[in-house]
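*Asks:* Got a predicted model here, sequence first, then my questions.
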Amino acid sequence: MSRTINVLFLAAEADPFIKVGGLGDVSGVLPRELRALSNEELKLDVRLVLPYHPAVKAENLRPVEIFSIPRGDSEVAVEAFETTLNGMPVYFIGGEPIRANGSVYSLDATKDADKYAFFSLAAMELPKHINWQPDVVHANDWHTALSLYVNLTKRWESGSKHVAGVLTLHNLPFMGADVSAILESYGIKLAQTDLPEWARVLPLPLGLWASDAIVAVSPGYAGEVLTEEFGCGLQEFLGVRKETLSGVLNGIDTVSFDPATDKSISINFNLPTLKRRAENKELLQEKLGLTRNPNIPLLAVISRMDVQKGVDLAFTALKNMKRIDFQAVILGTGDPKLEESARELQTLFPDKIKAELRFDAALARQIYAGADMILMPSRYEPCGLAQMIAMRYGCVPIVRAVGGLKDTVIPKETGFVFEKAHHMSLVSAIKAAMKVLPDKEKWEALQRNGMAKDFSWEASAREYLKLYLSLVK
Ligand code: ADP
């Protein structure tokens with residue numbers, strides 16, 4: 001007999017409707033990959049719910065219904081719309097609190113509190129209006145975490161059916177702002193929780209508290225959030241919930257990121273034609289205004305300019321490699337101070353280092369397809385996609401042993417791994433890589449091992465399915 005699991009998947013952003021960062025990639029792909037696992041015995045009806053941000057691009061939107069949720073002595077109107085994405089129902093929740101603050105995220109989390117609280121509460125009312133009941137509510141990060149809080153507290157109040165709550169942690173340090181007044185205005189009480197006192201009013205901790213399962217985006221990160229270094233003050237609380245905490249690695253879009261078909265790169269290649277990759281390196285050198293020479297190691301940084309990513313360590317490392325023959329390209333935008341440091345590096349080493357301070361998806365692909373190594377000295381890294389994309393394109397990663405980097409890069413097999421968040425540790429790892437590089441056979445083995453790894457979403461979706469099944473037994 002066939003059975004169905006209904007999953008309400010909530011996120012602040014999802015590709016192709018609206019994408020700001022990595023969360024958009026995950027929420028754009030994972031729900032569809034989950035649905036694709038459906039078979040004759042088990043149907044996975046995953047439906048995506050997103051805020052109707054002013055910047056959302058969606059076609060064929062149909063109004064579902066206008067309903068309202070009570071707030072204070074009044075109520076707030078919820079405008080719900082529906083569309084489909086490759087057969088998956090996608091809902092958009094619109095309303096004044098979402099329109100009021102145009103951007104997807106503000107730098108100031110207090111500005112986002114009202115919007116995402118409204119979204120999370122309204123999304124939990126949606127099922128009633130579409131005649132469809134979820135078995136699982138799957139929220140992502142702080143923006144949608146309050147849905148789980150409401151899922152639990154309302155159940156306690158009304159004795160309704162158990163709906164399992166899953167919270168995926170993409171980035172623990174971002175917990176949202178104090179929502180106690182907002183919750184009160186919606187008539188939702190703050191529960192007695194075993195959270196640290198400061199955390200009892202924040203969306204992410206409240207969602208963690210209310211969830212049946214917590215998923216970190218890599219097994220490595222799942223272990224790290226239990227430590228003082230990475231736990232952001234919630235390590236003890238998470239320690240108590242350890243049994244419900246697991247790690248599921250994100251995947252990459254292996255169709256889009258495929259060196260055999262990628263239209264952004266000049267020379268397509270795959271495992272049998274790996275030798276042709278060298279042509280991409282020379283074309284990249286030429287494009288960047290660097291000397292065309294297959295034998296000079298070409299290093300890359302493709303990253304947000306953010307201290308989280310350790311790009312400052314990468315810059316200091318490069319500065320300390322004066323006597324070494326190398327070339328480097330830095331592609332990224334972000335913190336103006338870090339951008340300035342990248343510019344200074346280029347000025348200091350005009351023949352060796354190029355700083356491309358912009359978002360440029362095509363150039364990123366050309367770098368993955370042409371550079372010898374990519375540097376990822378992250379201070380923390382919940383999962384990290386760049387190292388997986390790099391491996392798929394035969395660009396060997398040099399990473400710090402942290403979070404998802406540690407889980408995806410195997411020392412001496414697919415890349416180089418170092419421990420300390422210190423530029424000299426990175427320099428040592430770069431030197432170790434440069435020692436192997438001239439040995440064509442050994443280097444190719446590193447590239448081939450990385451290219452052969454399965455970083456597809458299907459593998460991740462199977463892990464999530466196992467989790468859902470354990471929750472709805
Ligand atoms: P994070 O999500 O922390 O920024 P990830 O490694 O998970 O880091 O994902 C970053 C993604 O963004 C990768 O696909 C990377 O190629 C891409 N990226 C980062 N900076 C740029 C840029 N300046 N131009 C093009 N792509 C970029």
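*Replies:* Yep, that arrived.
*Asks:* Convert the C-alpha atoms of stretch 14-34 to CSV, please.
*Replies:* Output of stretch 14-34 as CSV, limited to C-alpha atoms (Å, rounded to 0.1, in the frame of the first residue of the first chain):
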residue,chain,number,x,y,z
ALA,A,14,14.7,29.9,-2.9
ASP,A,15,16.2,29.9,-6.3
PRO,A,16,14.9,30.6,-9.0
PHE,A,17,12.3,33.0,-7.3
ILE,A,18,14.6,34.9,-5.1
LYS,A,19,18.2,34.2,-4.2
VAL,A,20,20.6,36.2,-2.0
GLY,A,21,22.9,33.5,-0.7
GLY,A,22,23.5,29.8,-0.2
LEU,A,23,20.2,29.2,1.6
GLY,A,24,18.5,30.1,-1.8
ASP,A,25,20.4,27.3,-3.5
VAL,A,26,19.5,24.8,-0.9
SER,A,27,15.8,25.7,-0.7
GLY,A,28,15.6,25.9,-4.5
VAL,A,29,16.8,22.3,-5.0
LEU,A,30,16.3,20.2,-1.9
PRO,A,31,12.5,20.2,-1.9
ARG,A,32,12.4,19.1,-5.5
GLU,A,33,15.1,16.4,-4.9
LEU,A,34,13.0,15.1,-2.1
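*Asks:* What are the buried residues along that stretch?
*Replies:* By neighbour count on 16 or more other Cβ atoms under 10 Å, the buried set for stretch 14-34 is 14-15, 17-19, 22-34. All C-beta atoms are positioned from the backbone trio N, CA, C, and that covers glycine.
*Asks:* Point out the residues in the chain that sit beside the ligand.
*Replies:* Applying Cβ under 6 Å from any ligand atom, we find that the chain lies next to the ligand at 21-22, 302-304, 331-333, 359-361, 364, 384-386, 389.
*Asks:* so which residue of this protein comes closest to the ligand?
*Replies:* For the chain, the nearest residue to the ligand under the criterion Cβ to the nearest ligand atom is Gly22, separated by 3.2 Å.
*Asks:* Most widely separated two among the residues of the chain next to the ligand?
*Replies:* By the measure Cβ to Cβ, Asp360 and Gly384 form the most distant pair in the residues of the chain next to the ligand, at 19.5 Å.
*Asks:* Could you check which of these two has the larger neighbour count?
*Replies:* Taking neighbours as other Cβ atoms under 10 Å, Asp360 and Gly384 compare with Gly384 leading, 31 against 16.
*Asks:* Wait, that one touches Met376, no?
*Replies:* Yes - with contact defined as Cβ atoms under 8 Å, Gly384 reaches Met376; the gap is 6.5 Å.
*Asks:* between these two, what contacts are shared?
*Replies:* Residues touching both Gly384 and Met376 by Cβ atoms under 8 Å, 6 or more residues apart in numbering: Val399, Leu405.
*Asks:* All the strands of the stretch 51-200 of the chain, in order from the start?
*Replies:* Using DSSP state E, counting those that start in this stretch, the strands of the stretch 51-200 of the chain run over residues 62-71, 74-85, 88-94, 136-140, 164-169.
*Asks:* To what extent is the residue nearest to Ala364 when sequence neighbours are not counted buried, counted in neighbours?
*Replies:* Of all residues not flanking Ala364 in the chain, Ile302 sits nearest, at 5.2 Å (Cβ to Cβ, 6 or more residues apart in numbering). Counted with other Cβ under 10 Å, residues neighbouring Ile302 total 24.
*Asks:* Kindly report the same for Leu331.
*Replies:* 22.
*Asks:* pLDDT score for it?
*Replies:* According to the prediction, Leu331 has pLDDT 97.
*Asks:* got a list of what it touches?
*Replies:* With Cβ under 8 Å, 6+ apart, Leu331 has these contacts: Ala300, Val301, Ile302, Ser303, Glu356, Arg358, Asp360, Leu363, Ala364, Ile367.
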